[in-house]
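[1] Just a sequence and a predicted model for now, questions to come.
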Amino acid sequence: MATSMYLSKLRKWFLASPPIEIAISKLRELLVGAIKQGPVPQHIAFVMDGNRRFARTHGIETVEGHNLGFEALARILEVCYRSGVKVVTIYAFSIENFKRSKFEVDALMEMARVKLSQMAQHGEILDRYGAKVRVLGRLDLLRPDVLKAVNRAMEMTSANGDRVLNICFPYTSRDEITGAIRDTVADYSQPLRSRSSSQRTPFSESHIALNIQAQSHNVKVEDTGSDIESTSEPLAHGEDGAKHDRPNKVYESGSSFSSSTTLDLAGHQDIANAKKVAQRAGEDSEPPVFMSPETITRQTLSDHLHTKDNPPLDLLIRTSGVERLSDFMLWQCEEDTEIVFLDVLWPEFDLWHFIPVLLGWQRRISKSKKNPDAEGDFNGDVTGSSENDMSDEVLSSSTKVKAL
Amino acid sequence: MVSHRDKELLRDDVRAQGMKLTAAHRESILKPYLPDPSELPRRSPQRWRKTSPRKTPIRTFLKSQLHQLTYTLIHILFGIVVRLIQSYHAVVDRIFAIVYYHHRTPELIKKDVKNLDRLPEHLSIVLSLRKEEDALTILMDEVAELAAWTVSAGIPVLSIYEKSGVLKLYISTLHRIVTNKLSAYYGSPSQQPALRLFAPHHPVYQPLDGNSTEKSNNNSLIVLLLSATDGRETFVDLTKTLAEMSQNGKLSPEDITMELVDAEISEITTQPSQTTSSTSVGNKPAFDPTISVKPEPDLLLVFKPLLKLDGYPPWHIRLTEMYCTGDKTNIMAGYAEAVEYQGFLRGLWHYAGAQMRFGR
């Protein structure tokens, strides 16, 4: 025991001696420079796990463990940004963590506040290196003074954008997904601006609609009839899947009547729809016009997540050997996200643990670039677009099926 | 890397709640560690060009050459190391495969997991369709094997995720194949565990035959088939419905809570549509008391060389332990990782926090 302590002291002294220190930092520089030569993940997420366990095993205060964790974070961020990673997302605090002891929660909050306000003092440096800090999550759960620091830091760096640091502060992924759904619904519940006010053509849509109906059916549209149709509409709308697909198409196409196909089909429903729409247009957007919910896609939801502007997640690293996501980046872990669990506590995490992961990633990417059909199944930059196309295809086919 | 002396300075500052050092002082400590602004990609050239007149083309060139060289060297070295590790694991896996083999005997499988502290209640497995011609047959056989191992190990729920959802099209065939496999393990139908197969938006498939009422084996297995459409697309559908409701004024966006979403999403995997009503979905969420699936899997096994979720439904894997069986063994198996009993067992052992040993 005593010898090992001496050894570790000796080791520490040796590593702290100036020549060794310089040599190590040169070596790190070299390695990072080398990593930079290959493909580099654009977006990495870290779950900084193990601060508390580190503190326990080393017999120091939990808060001190978190401080060491912060140092590890600084080290890793340096490596990431120097080697060309654009976005780093870190899991700093889960909403569930509020259940921890008040002392620890307060200490963490204080740490965040101090760090963020310190950062705000160095605005010029942040500007120079183009770092952008964003705090993601339920900011309303924060203490007011912490919230102030958060807002200040975000505001100061909001114009930068080369390198992004996402700090998931009180965050859970389920909360984020729910929020995305809620925001999407809220967006789609906003009535579109009444079309009649911003008319592109001198023709009245309602008039054209009436004309077409009169032509195709030689029926005089009665006001009472259309009233009944329109009042009974919401019920039918909710129940009949096949039916509501059509009016949606009508909405979708910018101007309600640019697609006359719906009218040419001339089923009974179409008349009803036409009347309904005519009614709406005629009443000068009295019942509001909405965006069609059918236009919601995976992308729509992704665009309402906190990480909307970031490239897709390439790599997710969790330390401390716990092999769970723990409510982090559930949505963002898509087809090509590689999840890595490392058996090292976060305060110990350093370049030496990180480099094998990066090398492995580079190896697979360059392999799959040479041979796209091989196991790595990563298509480089093409992935995003092709995937979107695919999902669109799937979507359109599924809507087709529904329409049938 | 921050030198030891500076580290101590900064740590002192942290202990004093950031009161000890002034902003200017911190900046001066920081300065040597910041990259030279001239190395940065030009963001606002007119501003920084003046401050970086030092141009060192030869040094920069040498540096980049050095980095290139190091990159190549590291990757060669890394490749060798990876190969070595892979071969080591391949050998170990072969030994495990010999030592631990199920011999199609449920008792043997039971024995293999007997000493484990905990077993998952809901096991989920990510499989992938290969690119060969008889890929579907292979896949179905894999599912059948996995189902047999799972039920033998005493795990009541197994969910199989396959991205394309091709399995859902052949539920009855799959049921037949799994039943055949179970009869190879258990013998006559009366000794087989009850098998129920279902997919979201599909009724439970459980053909009723005469002698199934009295079973000597009271184990049962529920197999849930998942595909990519049960994941993010489900959220899209849910959002569509909610948006429609909101547009019709039946719901306000504030009503959308995590509990609501959780209930809606969980219903899809836990409550299959009623057996009697053929395929019409959602008209009446009738609850079938015999089916009770825990929506969150406890363990997710990925039979692939890498831990990638491949579009697995995101909502329920919050607390799921993940284990990738084929982390390093892809040297022999080639493209897709073969589904092997030793991999399955390794996953269960890992979940229980136990080390696998040579020799039972």
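    Yes, it's here. Just so it is clear, the structure is predicted and the values come from calculations on it, not from any experiment.

[2] can I see the domain layout of the chain?
    Using chain A. Per the record, chain A has its domains at A:36-186+A:300-393, A:201-289, by automatic domain parsing.

[3] please go with chain B instead
    Looking at automatic domain parsing, the domains of chain B come to B:4-48, B:100-351.

[4] Could you single out the most deeply buried of the ones you listed?
    Comparing those by mean neighbour count (mean count of other CB atoms under 10 Å in any protein chain shown), domain B:100-351 ranks first with a mean of 18. For glycine as for every other residue, the C-beta is placed from the backbone atoms N, C-alpha and C.

[5] Give me the distance from that domain to the chain's centre.
    The chain centre lies 12 Å from the centre of domain B:100-351; the measure is CA atoms, centre = their mean, to the nearest Å.

[6] just stretch A:99-118 next, same as before
    25 Å.

[7] How about stretch A:347-366?
    24 Å.

[8] which SS state does A:Gln215 fall under?
    Per DSSP: H, G, I helix; E, B strand; the rest coil, the local secondary structure of A:Gln215 is helix.

[9] So what's the residue count around it?
    A:Gln215: 9 surrounding residues under other CB atoms under 10 Å in any protein chain shown.

[10] which one is A:Phe290 nearest to, not counting chain neighbours?
    B:Gln247 (4.6 Å; CB to CB, 6 or more residues apart in numbering or on different chains).

[11] Dump the domains of chain B into CSV; add mean pLDDT as well.
    Formatted as CSV, those follow (pLDDT from 0 to 100):
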stretch, mean pLDDT
domain B:4-48, 66
domain B:100-351, 81
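
[12] want to try TSV for the ones you listed, with distance to A:Ser366 as columns?
    Output for the domains of chain B, formatted as TSV (distance: least, CB to CB, whole Å):
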stretch	distance to A:Ser366
domain B:4-48	23
domain B:100-351	15
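
[13] among those domains, which is nearest A:Asp327?
    The closest of those to A:Asp327 is domain B:100-351. By CB to CB, the value is 4.6 Å.

[14] Select, out of the domains of chain B, the one closest to A:Arg53.
    domain B:100-351 (17.5 Å).

[15] Now do the end-to-end distance for that closest one.
    17 Å (CA to CA, to the nearest Å).

[16] For the residue positioned nearest the centre of chain A, which residues are in contact?
    Compute the mean C-alpha point of chain A, and by CA atoms, centre = their mean the closest residue is A:Thr307, 2.7 Å away. Under the criterion of CB atoms under 8 Å, 6 or more residues apart in numbering or on different chains, the neighbours of A:Thr307 are A:89, A:136, A:166, A:313, A:332.

[17] what do you get for B:Arg11?
    Counting by CB under 8 Å, 6+ apart, the residues that B:Arg11 touches are A:Asn67.

[18] Distance from the host helix or strand of it to the middle of the chain?
    Applying DSSP states H and E as the criterion places B:Arg11 in helix B:4-15. The chain centroid and the centroid of helix B:4-15 are separated by 41 Å, computed with CA atoms, centre = their mean.

[19] pretty sure B:Ile98 belongs to a helix, no?
    Yes. Assessed with three-state DSSP, B:Ile98 lies in a helix.

[20] From B:Asn115, how far off is it?
    According to CB to CB, to the nearest Å, B:Ile98 stands 20 Å off from B:Asn115.

[21] Can you give me the distance of A:Asp350 to A:Pro312?
    Relative to A:Pro312, and taking CB to CB, A:Asp350 is found at 26 Å.

[22] Can you show me the strands along the chain?
    Because you didn't say which chain, this covers chain A. A:43-47, A:87-91, A:131-136, A:163-168, A:315-318, A:338-341 (DSSP state E).

[23] sorry, should have said chain B
    B:122-127, B:157-162, B:194-198, B:220-226, B:299-302, B:321-324.

[24] Alpha carbons of the third one, in PDB - could you do that?
    Included here for strand B:194-198 are C-alpha records, laid out as PDB according to Å, rounded to 0.1, in the frame of the first residue of the first chain:
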ATOM      1  CA  ALA B 194     -47.300 -21.400 -25.100                       C
ATOM      2  CA  LEU B 195     -46.200 -19.200 -27.900                       C
ATOM      3  CA  ARG B 196     -47.800 -15.900 -28.900                       C
ATOM      4  CA  LEU B 197     -46.600 -13.700 -31.700                       C
ATOM      5  CA  PHE B 198     -47.600 -10.200 -32.400                       C
END
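
[25] relative to strand B:220-226, how tilted is that strand?
    20 degrees (axes from the mean of the first three to the mean of the last three CA atoms, to 10 degrees).

[26] now strand B:194-198 against strand B:157-162, angle please.
    Using the same axes, to 10 degrees: strand B:194-198 against strand B:157-162 is 40 degrees.

[27] which other helices and strands contact strand B:194-198?
    With contacts taken as 3 or more CB pairs under 8 Å, 6 or more residues apart in numbering or on different chains; DSSP states H and E, strand B:194-198 sits against helix B:171-186, strand B:220-226.

[28] now for those, which one comes closest to B:Ser3?
    Of all the helices and strands packed on strand B:194-198, it is strand B:220-226 that lies closest to B:Ser3, at 52.4 Å by CB to CB.

[29] If we ignore the residues flanking it in sequence, what's nearest A:Val47?
    Using CB to CB, 6+ apart, the closest residue to A:Val47 is A:Arg318 (4.0 Å).

[30] show me where the stretch 301-404 of chain A has helices.
    Along the stretch 301-404 of chain A, the segments classed as helices by DSSP state H, counting those that start in this stretch run A:351-370, A:382-403.

[31] Also the stretch 51-200 of chain A?
    Going by DSSP H, counting those that start in this stretch, the stretch 51-200 of chain A shows helices at A:51-58, A:62-83, A:102-121, A:123-129, A:144-157, A:173-188.

[32] Where among those is average confidence lowest?
    The weakest mean pLDDT among these belongs to helix A:123-129, with a mean of 78.

[33] just the domains of chain A: most buried one?
    domain A:36-186+A:300-393 (a mean of 18).
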